[in-house]
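J.: Predicted structure and sequence below. I'll ask about it afterward.
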Amino acid sequence: MSDSIFKQNYFEIFSLEVSTNPDLSLLNQNNRELQQLVHPDKFANSSESDKREAMQKTSLINQAYNTIKDPVLRLQYMLSLKGVDMNAETDTSMDGLFLMEQMELREEIADVRSQSDPLDVLDTISSDLKNKSSDLIAEFDQYYQSDALDKSREVVRKLQFINKAQREVNELSEQLEDELL
Amino acid sequence: MALLQISEPGQSTKPHEHRFAIGIDLGTTNSLVATVRSGQADTLADENDRHILPSVVQYKEGSVLVGQSAKDNQVGDTQNTISSIKRLMGRGVNELKILGDNLPYSFAQTDSAVPRINTVAGEKSAVEISADILKVLKERGEKTLGDKLEGAVITVPAYFDDAQRQATKDAARLADINVLRLLNEPTAAAVAYGLDSGAEGVIAVYDLGGGTFDISIMQLKQGVFEVLSTGGDSALGGDDFDHAIAEWVIEQAGVNANDLSASTLRLILQESCAAKEKLSENDQAEITVKFSDSQTWFGNLTSDIFNELVDPLIKKTLMSCRRALRDAEIEKDQVMDVVMVGGSTRALRVRELVGEFFNAEPRVNIDPDRVVAIGAAIQANALAGNDPDGNLLLMDVLPLSLGIETMGGLAEKIIQRNTPIPVSRAQDFTTYKDGQTAMAVHIVQGERELVDDCRSLARFELRGFPPHVAGAARIRVTFQVDADGLLSVSAKEENSGVEASVEVKPSYGLQDSEIEAMLKASMDFAGEDKDARSLREQQVEADRVLEAIDSALQDDGNEMLSTEEKESIMKARGELEISRHQAKDTQELKAAMANLEKASASYVAKRMNASVQKTMAGHKVEEFNND
């Protein structure tokens, strides 16, 4: 198995089906088993070329692992398997209603310091974002199954927005915690 | 007919031969060396049965003292006695200020980016001073084991950036140590505990040493230690406890710190440190400081006052813990075990607050000063191939995000912190001006948005690609981080194939030439058997030649060579390999190398041509004449 990982897709490396909702505990387990075989530490006494190969294989496995573990990266990767490049900026149009919601959300985040309990507000926003995110993943799944790739792609772009907002919420929570301590 | 001997990766070809490897904990305050003997890992003692080697180096004219004797002389010879040098590892001249004003040394005025301390034995860099400590530890290992060492695992704080890791590796090289792996200190501690108990689950390693604090959240499962996240502060530790007490003493004594000499300050620090240690077992400690012949101060430090002084420092460490948990996506109550590492965790207040935070009784069974060295020895033993059945594997993460500078002085992250390593990542950039034929790449490390707030690791230029309109060139920058967390970067303009790459030798590390000059100097200095040394040098050179030819043959040997050509190279290669292990003098080994060079001369020429053609493809010669 480990010889051909350069030809396998990221899911195949871990013996997983291509899926929006992969079995993450199986991913973890198979990752550990693979690493036992290819990690550079297993080649500490081998030739330079074996060491280099070990590093390349492990780098690829880590890259694949990260991609599958992160929902946005996973969905982008699934699109790339069907030939859709998320990074090519072909269109920038977006669902107006969604953009509206996002702007309101940003205002709410920017305004959070004036609330009586800003950390509570941030926690609520955060769990809303998580729900929104899993809704979008389910939506993606439907489009992807029926090969509606343009629609799938738009869902991923929405998910990127949600993710960015989630990161901002986390960072702001950290800042506020620091200030309160 | 004899069967070919096939050895599995990681296994020794000669199963009965034990390879000696050591684990080194190169600490800010104290250092230790440990090894595995008869399946037991333990630290090694010097001839006076002392395990701990204080990380203190005293330079004298023509000699160097390391350890307790140097520490004893510290007050009398402040300028030439260097302690806590680890804080300066990988730091630049312009960063000395950040480390505080209480460095009692005189720094040389130099053009070099690396700070050098003036001593009676000349200017010394942090790498050289650390190498002097490492040499003593290595000698202790060799003396105890009575054999040549295969190599060493050296521990570093998880929070060390690329420059600091590189500096540590440079120091090892200078001390003539083969580094099997740089290992994060908390990971080493987890290894020391994990194997003893065989437990599975999430553990937090709280490591408060003399000069650094690290928190690591790790997962143990099926013999695999997986670092989920790391955090900490590379400039916070027990030394800061001493400074807090010292400031209290100075305030209580009603003297002005600016009026005190360097040696008086040092004396106060020593007394403060002693008082701190006393408070681990008593609830008060007496402090006496003789400021001058006419003024002696006497005071009583109670544990209540001590707690008040150090609480803000401990709270800072807990903040890092909170962050590391979040990064690992672990809730506090999922943490099964808290492992305490570092002498400063002897302070009862630290144990108390950490226990409260994680709501768990912290583990203190293994001596917190030795636990890191013991873990390093276990890993060294495994890497040296003495543990073929063992499935100990350490999967590590990148401690700080890596990125490059983009327009407007912003840092664009290319690899996020806590990404599993080794890892490689490529990112495409483009030009912003019409006709642009060169691009500067500035590599930074850190979490902040602005380049100025991050650590600058390296700069290089990619030049000579054909002019495009703005935005049309495609420059792919590839980062490769190895298992030690060390980075190399390459950049390539995709349309023309123009390439540039750097091993990241951080601005604050040392140039190879500097290292070589130092190695030479230390060789001249040590009046060792010159012949044996030069044979060893030639053996190293032979290894390099063998590796180079193997790697070339693997890359394109079959395409470029006929069967006869390949056979003649392989024959010369085989002779060199035998000579490498059996030659008794350098002449014989040199002859075997020359023979291989002759046999492969035409192959080397072919490869050169091929690579030049590849680089020049699609270019006019004039383009290569610039600069």
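T.: On my side now, so go ahead.
J.: and residue B:201, bridged to which residues?
T.: The bridge-partner assignment for residue B:201, based on DSSP bridges, gives residue B:220.
J.: Count residues in the vicinity of it, would you?
T.: 12 (other C-beta atoms under 10 Å in any protein chain shown). To be clear about C-beta, it is placed using only N, CA and C from the backbone, and glycine gets the same treatment.
J.: Let me see the contact set for it.
T.: Residue B:201 makes contact with B:219, B:220, B:336, B:337 under the criterion C-beta atoms under 8 Å, 6 or more residues apart in numbering or on different chains.
J.: close enough to count as contact, residue B:458 and residue B:491?
T.: No: counting by C-beta atoms under 8 Å, residue B:458 stays clear of residue B:491, with 11.7 Å between them.
J.: any bit of the lengthiest helix in chain A sitting next to chain B?
T.: Longest helix in chain A by number of residues (criterion: DSSP state H): helix A:149-180. Yes: Helix A:149-180 reaches chain B (C-beta under 8 Å from any C-beta of the partner chain) through A:170, A:174, A:177, A:178.
J.: Check the contacts of residue B:201 against chain A and report the nearest one.
T.: Among the contacts of residue B:201, residue B:219 lies closest to chain A (C-beta to the nearest C-beta), at 8.8 Å.
J.: and chain B, which of its residues are near chain A?
T.: Residues of chain B found near chain A (C-beta under 8 Å from any C-beta) are B:9-10, B:12, B:180-181, B:221-224, B:226, B:315, B:319, B:322-323, B:326, B:382-385, B:391, B:393-395, B:419-425, B:428, B:480, B:482-483, B:547, B:550-551, B:554.
J.: wait, is residue B:297 part of a strand?
T.: Yes: with DSSP: H, G, I helix; E, B strand; the rest coil as the criterion, residue B:297 is part of a strand.
J.: That one - nearest residue in space that isn't next to it in sequence?
T.: The shortest distance from residue B:297 to any non-neighbouring residue, by C-beta to C-beta, 6 or more residues apart in numbering or on different chains, is to residue B:253 (4.1 Å).
J.: residues contacting that neighbour?
T.: So residue B:253 contacts B:289, B:291, B:297, B:299 (C-beta under 8 Å, 6+ apart).
J.: and the residue nearest to the last one when sequence neighbours are not counted, what pLDDT?
T.: Pointing back at residue B:299 there. In this structure, residue B:299 finds its nearest non-sequential neighbour in residue B:287, 5.0 Å apart by C-beta to C-beta, 6+ apart. Residue B:287 carries a pLDDT score of 93 in this model.
J.: ok, now which ones touch residue B:287?
T.: Residue B:287 touches B:245, B:249, B:271, B:272, B:275, B:297, B:298, B:299, B:300, B:301, counting by C-beta under 8 Å, 6+ apart.
J.: What's the separation between it and residue B:270?
T.: Residue B:287 sits 10 Å away from residue B:270, taking C-beta to C-beta, to the nearest Å as the criterion.
J.: now swap in residue B:452 and tell me
T.: Taking C-beta to C-beta, one finds residue B:452 at 38 Å from residue B:270.
J.: More neighbours: which of those two?
T.: Taking neighbours as other C-beta under 10 Å, residue B:452 and residue B:270 compare with residue B:270 leading, 16 against 11.
J.: ok, and the closest residue to the more buried one other than its chain neighbours, which helix or strand is that part of?
T.: Distance criterion C-beta to C-beta, 6+ apart; nearest residue to residue B:270, sequence neighbours excluded, is residue B:75 at 7.2 Å. Using DSSP states H and E, residue B:75 sits within no helix or strand.
J.: do residue B:339 as well
T.: strand B:335-341.
J.: Buried residues, that strand. List them.
T.: For strand B:335-341, the neighbour count (16 or more other C-beta atoms under 10 Å in any protein chain shown) marks B:335, B:337, B:338, B:339, B:340, B:341 as buried.
J.: Ok, stretch B:323-331 next?
T.: By neighbour count on 16+ other C-beta under 10 Å, the buried set for stretch B:323-331 is B:323, B:324, B:325, B:326, B:327, B:328, B:330.
J.: residue nearest the centroid of chain B?
T.: For chain B, the residue sitting closest to the mean C-alpha position, by C-alpha atoms, centre = their mean, is residue B:165 at 3.2 Å.
J.: isn't it right up against residue B:90?
T.: Yes: judged on C-beta under 8 Å, residue B:165 makes contact with residue B:90 at a distance of 7.5 Å.
J.: Please tell me the pLDDT value assigned to the residue most central in space within chain A.
T.: The residue lying closest to the centre of chain A (C-alpha atoms, centre = their mean) is residue A:70, at 2.5 Å. Per-residue pLDDT puts residue A:70 at 89.
J.: Could you do the one 4 residues further on as well?
T.: pLDDT for residue A:74: 95.
J.: okay, now the closest residue to it other than its chain neighbours: neighbour count?
T.: Nearest residue to residue A:74, sequence neighbours excluded (C-beta to C-beta, 6+ apart): residue A:68, at 5.4 Å. By other C-beta under 10 Å, 23 other residues sit near residue A:68.
J.: Just the element for residue A:68, please.
T.: helix A:48-69.
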